[in-house]
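In: Quick one: sequence and predicted model below, then my questions.
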Amino acid sequence: MMKHVYSVGQVNTYIKNMFAQDFMLGKISVKGEVSNCKYHNSGHIYFSMKDSTGTIAAVMFAGNRKNGLRFRMQDGDHVVVTGSIEVYERDGRYQLYAREITLDGAGALFLRFEALKKSLAEMGMFAPEYKQPIPKYIKRLGVVTAPTGAAIQDIRNISHRRNPFVQLILYPTQVQGDGAAESIVNGIHACERLGVDVIIVGRGGGSIEDLWAFNEEIVARAIFECSVPIISAVGHETDTTIADYVSDLRAPTPSAAAELAVYDYRQYCEALRMMRSALNMRMMEHVYKEYQKLEQLKTKLGYLSPQAVLNSKKQYVADLEDKLSERMSYRIKEDRHRIQLLAGRLEAGSPVKKLSSGFSYVTDEAGRPIAKAAQVEAGDRIIVRTLDGKIQAEVLDTQMADVISV
């Protein structure tokens, strides 16, 4: 008996028809993790879906993307794919033909998160011009968080270490589960009524589901409308919530929020010490400059004062007096010398000296001097003057001398 032999194409067609006749495979939803995701130039998306038990190939054609995919799918996304499972005859393999793709679980929450974020941003609730500045020095700090857990302990420890004089007011808040959003809103309003300087709103880390209360619109509006500056501190550094966008300042962790809210008084003391030192130095410099200026004025006053001018004039007069005395002494000495010379000459030509040496002065009776013998004749009367008197005589005879005196 001969066996019936089928071609590969017949087998693939048969299997394809079996898949097409199965009602469940015609419209099925499959969830899993996306891998090997590739966007083709034609607009088609080729990817695989996998879980812990296996893998299935999938494709979404460009015509289904507009209404069937509302996010940018990538490897690692957990999705729910709705479509049909059919056989691709050429390759002899089956694959999932996707008509609609949505994010699964956290992914759905992420879509809600993005939608609310976009809506609130369009309202201007994230605008920087509405952000209130955080006061540098505060006296009362409000904390809206769970009464137990690491968040409140971190805030307490860091706040006390930085400034033990700051008063902490804790509003015990439900931060997860049903009613958590309303509890957070009540805490914000209570701290605002108590008149605190800054409010920290936050909790420790967790999944997007755990942090979802901080993504609710009522919490965002309470933060935006609060008259007290709010620091958000939700989760870890990589966690981001709507509260982070709308708050006046976002801190990566509750510990960082405490550091941002509470000024380190030790830094203040050190800054005060440095300012005091700088002030003292500036004062000493100013005093020294003024002292130097005073000394200059004192010196200037010394030579510009009336007494100084008078002393200067006195000294000038004294100098002139000394100079005059010196010149007078020199003049007297010079004149005395000249007089002595004249006296010597006078003495040399003095009649008295000649008379004292035995010479006499002879005149006629009229008093005319007789220097030559030819001036008298015998019988003339003459007068001979000596040192101690005069002698009247009569000329007996005259004789002419042979020597002619010049």
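Out: Ah, there it is.

In: Now for the nearest residue to H236 once chain neighbours are set aside: which residues touch it?
Out: Closest residue to H236 in three dimensions, ignoring its sequence neighbours and counting by Cβ to Cβ, 6 or more residues apart in numbering: G205, at 4.1 Å. C-beta here means a position set from N, CA and C on the backbone, and glycine is covered the same way. Contacts here follow Cβ atoms under 8 Å, 6 or more residues apart in numbering; on that basis G205 touches L211, G235, H236, D239.

In: Give me the distance between G205 and R65.
Out: Counting by Cβ to Cβ, to the nearest Å, the separation of G205 from R65 is 35 Å.

In: repeat for R282
Out: 71 Å.

In: Of these two, which one has the most company?
Out: Between R282 and R65, counted using other Cβ atoms under 10 Å, R65 has the larger neighbour count: 17 against 10.

In: Checking the more buried one next. Helix, strand or coil?
Out: The three-state label given to R65 by DSSP: H, G, I helix; E, B strand; the rest coil is helix.

In: quick one, what contacts it?
Out: G43, I45 are the contacts of R65 under Cβ under 8 Å, 6+ apart.

In: now with 10 Å?
Out: Taking Cβ atoms under 10 Å, 6 or more residues apart in numbering as the contact definition, R65 lies against Y39, G43, H44, I45, M73, A98, I101.

In: quick one: the strands in this protein?
Out: Taking DSSP state E as the criterion, the chain carries its strands at 28-39, 45-50, 55-60, 78-88, 93-103, 140-145, 167-172, 198-203, 230-234, 249-250, 361-364, 381-385, 390-394.

In: Which helix or strand in this protein has the lowest average pLDDT?
Out: helix 351-356 (a mean of 70; mean pLDDT, DSSP states H and E).

In: what bits of this protein have low per-residue confidence?
Out: Within the chain, the ranges that satisfy pLDDT under 70 run 1-3, 6, 105-108, 303, 349, 352-355, 358, 402-406.

In: one more time with 50, if that's ok
Out: Low-confidence segments of the chain, defined by pLDDT under 50, span residues 405-406.

In: most residues in a single helix of it, which one?
Out: For the chain, the helix with the greatest residue count under DSSP state H is helix 306-348.

In: what packs against it?
Out: Using 3 or more Cβ pairs under 10 Å, 6 or more residues apart in numbering; DSSP states H and E as the contact definition, the elements that helix 306-348 packs against are helix 265-304, helix 351-356.

In: How far off centre is it?
Out: Per Cα atoms, centre = their mean, to the nearest Å, the displacement of helix 306-348 from the mean C-alpha position of its chain is 75 Å.

In: what do you get for stretch 380-394?
Out: Here the centre of stretch 380-394 is set off from its chain's centre by 125 Å, with Cα atoms, centre = their mean.

In: Now do the end-to-end distance for it.
Out: End-to-end distance of stretch 380-394: 6 Å, with Cα to Cα, to the nearest Å as the criterion.

In: What residues of that stretch count as buried?
Out: Applying a neighbour-count criterion of 16 or more other Cβ atoms under 10 Å, one finds I382, I383 buried in stretch 380-394.

In: Pull the distance from stretch 163-179 to the chain's centre.
Out: Using Cα atoms, centre = their mean, we find the averaged C-alpha position of stretch 163-179 to lie 37 Å away from the chain's own average C-alpha position.
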